[in-house]
Every structure is written in structure tokens, then in C-alpha cells.
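Novice: Task: produce atomic coordinates for the following.
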Amino acid sequence: MSNHTFSKRVWLAAPVLAGLGLLAPQLSQTVMAQETVKIGMILPMTGPSSSTGRQQEAAAKLFIQQNGATVAGKKIELIVKDDTGAPDVTKRLAQELIVNDKVSVLLGFGLTPLALSVAPLATQAKVPQIVTAAATAMITEQSPFIVRTSFTLPQASVPMAEWSLKNNIKKVVTLVTDYGPGLDAEKWFSDTITKGGGTVVENLRVPLRNPDFAPFLQRVKDASPDAVFVFVPSGFGAAFMKQFVERGFDKAGIKLIATGDVTDDDLLQEIGDPALGVVNTHHYSASHNSPENKAFVEAFRKANNNMRPNFMAVGAYDGMQLIYKALDKTKGNTDGEALIAAMKGMSWTSVRGPVSIDPDTRDIVQNIYVRKVEKVGTELYNQEFATIEAVKDPFKAAKK
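Specialist: Numbering: from 1, shown residues only. The predicted structure follows:
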């Protein structure tokens with residue numbers, strides 16, 4: 001007998017049992033105990049952002065493997081869907097997951113347009129939407145049911161500008177991918193470095209679809225800045241670095257500084273030696289020195305044919321952590337408003353370091369690390385050498 005049929009029969013029998021005043025409480029508990037909490041995970045599993053999907057699915061499945069498929073008496077079922085990186089597909093899949101599959105939580109969203117396409121549905125259906133990848137600052141403002149476990153670009157960009165000013169980098173060109181996160185990175189880096197006495201010579205924006213960095217890099221070279229500050233989405237770093245080296249930047253004396261998306265752990269070996277020496281700021285490195293992270297990296301590699309986890313994997317791993325903690329706190333209650341209330345202010349020790357969910361903005365509060373790409377044995381890693389603790393999203397902090 002299916003759970004649905006069983007639930008229907010109990011519902012039909014309930015008035016009789018209630019009248020007898022006997023077995024209704026036990027049967028109600030039985031129904032609750034058999035309920036399954038479905039989590040709909042929507043990711044770009046194919047297309048240019050497929051590395052995001054691959055990393056996030058692997059991390060979510062690892063979390064369930066390590067922590068069990070039951071929480072607060074409820075069975076956890078993860079349903080993964082490929083949106084191919086297209087917002088209309090993301091929206092359709094979210095609708096199907098909410099209406100047909102009756103999911104209690106939506107999870108994933110590899111790019112900002114994908115997350116934004118679902119925000120109205122999350123509000124209407126009162127289903128929590130956990131953003132584990134997309135990083136434009138304003139995303140959480142689009143629905144009271146959105147919570148983020150990834151990061152925001154202002155969180156990473158402001159520390160990069162501050163480090164640059166302290167290290168005599170005053171004349172800069174910014175080069176970003178032309179969509180939400182890139183515009184955030186450009187604005188917050190530019191504003192911070194300008195306020196500190198530096199100069200932004202030019203702001204360059206590269207199309208998100210089918211990007212060709214070469215003409216933009218030539219304009220950087222012509223401007224002769226101290227450094228070029230770069231943001232590209234996860235998965236695009238190898239293509240950028242290839243063209244960067246082909247243009248001879250490493251010999252022109254123009255430093256490359258970036259957010260950690262450019263030197264993505266998943267692609268760093270593929271990028272190779274051209275990445276050596278690149279200073280960047282981000283919230284996670286596979287070489288982060290903590291017992292929690294060492295255990296995570298080892299387990300992730302073992303479960304995924306030696307694949308190295310990146311910051312996208314950690315966003316999904318912590319997304320699952322947040323869901324489990326919220327369900328535990330609500331004692332298995334899957335009401336959307338109850339889950340969101342439980343998530344606000346939640347804190348834990350992540351593999352990236354201490355994190356919490358800002359109760360006012362529903363964004364993650366976390367350490368940001370200044371890193372330099374170095375060779376460790378035969379492999380390249382983002383080696384952390386400075387920490388900015390408990391960074392809130394500057395975009396929302398500035399609005400207060």
C-alpha cells in the first residue's frame with residue numbers, strides 16, 4: 001500500500017476513531033512518522049556551468065550518506081533536476097517539483113537569473129528556496145522564503161580591494177562577466193578602492209553567453225594598470241586564464257587579482273602554472289586548514305573518483321546541513337514559514353569555518369580568506385594567508 005493510499009484511508013477513518021476516542025492519536029503519529037521530506041535540487045548539470053551542478057549534486061549526496069536519510073523521524077528524498085542553465089527551464093522545473101512532487105524545500109540555483117526565476121514561486125507556495133550557488137547580493141530580497149548558503153560578491157570583492165590598497169595596487173582595471181554578480185563585484189571593488197585613494201581606469205564587462213575575453217584583455221593591456229581585478233562565474237576560469245597568458249600579461253607586469261571563482265578548485269589543475277601567484281579572496285579553499293575540512297575533502301574525493309571539492313560543493317553541503325538543522329529544530333514540521341523561522345540565526349561549524357544565517361537578511365555570515373595560488377607537492381591550491389572574520393553582506397549592511 002502506498003503512503004498516499006494509507007494517508008487517505010486514515011483521513012477517512014479519523015472521524016470514527018475520534019468519536020471512539022481511542023486510536024486516532026497513535027494513527028496520527030504513524031502517518032507523521034511515515035512522511036517523506038522531498039528536497040528538489042535544481043542545477044545546471046549540462047552546459048557551461050555543468051561543473052557547478054556536478055559539484056553540488058555530489059556534495060548533497062555525500063551529506064546524506066554521512067548523516068543518514070532520516071531526520072526528526074522523517075525520511076529525506078533528494079530529487080535532482082537539470083535546468084541546463086536556462087531560467088525558463090528552472091522555473092518550469094520548480095513549478096513541477098512544488099505542484100507534482102510536493103517538495104518541502106527547493107535547493108541549488110547555479111546562476112543568478114535561475115534563482116530569480118523561482119523567487120515568486122517560493123513566495124506564492126511558501127516553500128523555502130535555499131540558494132547554494134548564485135551570488136548576486138539582492139537575491140534574498142526577492143522573497144522572504146529565500147535563504148543563502150553560498151556567498152555574495154560584495155563579501156568577496158570588498159576584502160580584495162582593501163588588500164590591494166594595503167599592497168600598493170592603486171591603478172586598476174576591472175573585468176567582469178556582464179550579469180548580476182559581475183556588476184556587484186565591479187561596484188563594490190571599484191567603490192572601495194576609490195574611497196581608499198586608488199583609481200579605476202576602466203570598467204570592462206564581458207557577455208555571459210559565449211564569452212571571448214581577448215578583446216577586453218587587449219584594452220586592459222593598453223591601459224597599463226597596476227592590476228586587473230576579475231570576476232567570472234564558476235567554470236569559466238580556465239578559458240579566461242588561457243587567454244590571459246596568451247596575451248602575455250604575466251610578462252607585462254600587470255598583476256591579476258580576483259574573486260575565488262577565477263581560481264576555482266575544481267579547475268585549478270586544468271588551469272595549471274599560469275595561475276601561480278594569483279591573489280584572490282573567497283570563503284572556501286580545498287586546502288583550508290581545519291579538521292572538518294580535511295575530513296570533508298577526503299570523503300568527497302573518495303566518493304567522487306578523486307574529484308576535488310570546490311566552493312560550490314560547500315554551498316550545497318551547507319545547504320543540506322541547514323535543512324537538517326531546521327527540520328531537527330521544528331521536530332519534523334515542514335511548514336515553510338516554520339522552516340524559515342528555524343533557519344534564521346542558525347549557526348554551525350562548516351568545513352569553510354564558522355558560519356551563521358543573518359536573521360535580518362537570510363544571507364550567510366562567514367569568514368573571507370585572502371589566498372595565493374601556490375604549488376603544494378604536484379598540485380595547485382589557493383593557500384590562505386589572511387582571514388577577515390564574520391563578514392556580513394556589505395550590500396545589505398550599507399542599506400541599514
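Novice: Can you get me a residue count around D273?
Specialist: D273 has 11 neighbouring residues, counting by other CB atoms under 10 Å. For the C-beta atoms, the positions are set from N, CA and C on the backbone; glycine is no exception.
Novice: so who does it touch?
Specialist: Residues near D273 by CB atoms under 8 Å, 6 or more residues apart in numbering: L380.
Novice: One more: G198?
Specialist: Going by CB under 8 Å, 6+ apart, G198 touches A161, S164, L165, I169, K170, K171, V172.
Novice: State whether the third one is indeed within a strand.
Specialist: No: using DSSP: H, G, I helix; E, B strand; the rest coil, the secondary structure at L165 is helix, not a strand.
Novice: Compare the contacts of G198 and tell me which is most surrounded.
Specialist: Going by other CB under 10 Å, V172 tops the contacts of G198 with 28 neighbours.
Novice: For whatever helix or strand that residue lives in, which strands pair with it and how are they oriented?
Specialist: Per DSSP states H and E: V172 is located in strand 171-177. Its sheet considered, strand 171-177 pairs with strand 199-206 (parallel), strand 227-231 (parallel) by DSSP bridges.
Novice: To A119, which of those strands lies closest?
Specialist: strand 227-231 (22.6 Å; CB to CB).
Novice: got a list of contacts for the closest one?
Specialist: With CB under 8 Å, 6+ apart as the criterion, strand 227-231 contacts 153, 157, 160-161, 164, 169, 171-177, 181-182, 185-186, 189, 220, 240, 249, 254-259, 261-262.
Novice: Select from those residues every entry located in strands.
Specialist: Counted as lying in strands by DSSP state E, out of the contacts of strand 227-231, are K171, V172, V173, T174, L175, V176, T177, K255, L256, I257, A258, T259.
Novice: Can I get the buried ones among the residues you listed as something I can paste into PyMOL?
Specialist: The following PyMOL line selects those of those that are buried, judged by 16 or more other CB atoms under 10 Å:
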select buried, resi 172+173+174+175+176+177+255+256+257+258+259
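Novice: between the ones in strands among the contacts of strand 227-231, which is nearest L62?
Specialist: Nearest to L62 among the ones in strands among the contacts of strand 227-231: T259, at 25.2 Å, using CB to CB.
Novice: wait, what's in contact with the closest one?
Specialist: Applying CB under 8 Å, 6+ apart to T259 gives the contacts L153, A156, S157, M160, A185, V230, F231, N280, T281, H282.
Novice: so what's it scoring on pLDDT?
Specialist: We have a pLDDT of 97 for T259.
Novice: residues making contact with the strand holding V172?
Specialist: 164, 182-183, 185-186, 189-190, 193, 198-208, 211, 213, 216-217, 219-220, 223, 225-233, 236, 257.
Novice: Would you mind giving me the ChimeraX syntax to select the buried ones in the residues you listed?
Specialist: Selecting only the buried entries of the contacts of strand 171-177 in ChimeraX, with 16+ other CB under 10 Å as the criterion:
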select :164,182,183,185,186,189,190,193,198,200,201,203,204,206,208,211,213,216,217,220,225,226,227,228,229,230,231,232,233,236,257
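Novice: Quick one: the helices in the stretch 301-400 of the chain, in order.
Specialist: With helices called from DSSP state H, counting those that start in this stretch, the stretch 301-400 of the chain shows them at 311-329, 336-343, 394-399.
Novice: looking at the ones you listed, which is closest to Q142?
Specialist: Q142 sits nearest to helix 394-399 of all these, at 12.8 Å, using CB to CB.
Novice: Mind listing what's buried along the closest one?
Specialist: For helix 394-399, using 16+ other CB under 10 Å, the buried residues are P394, F395, K396.
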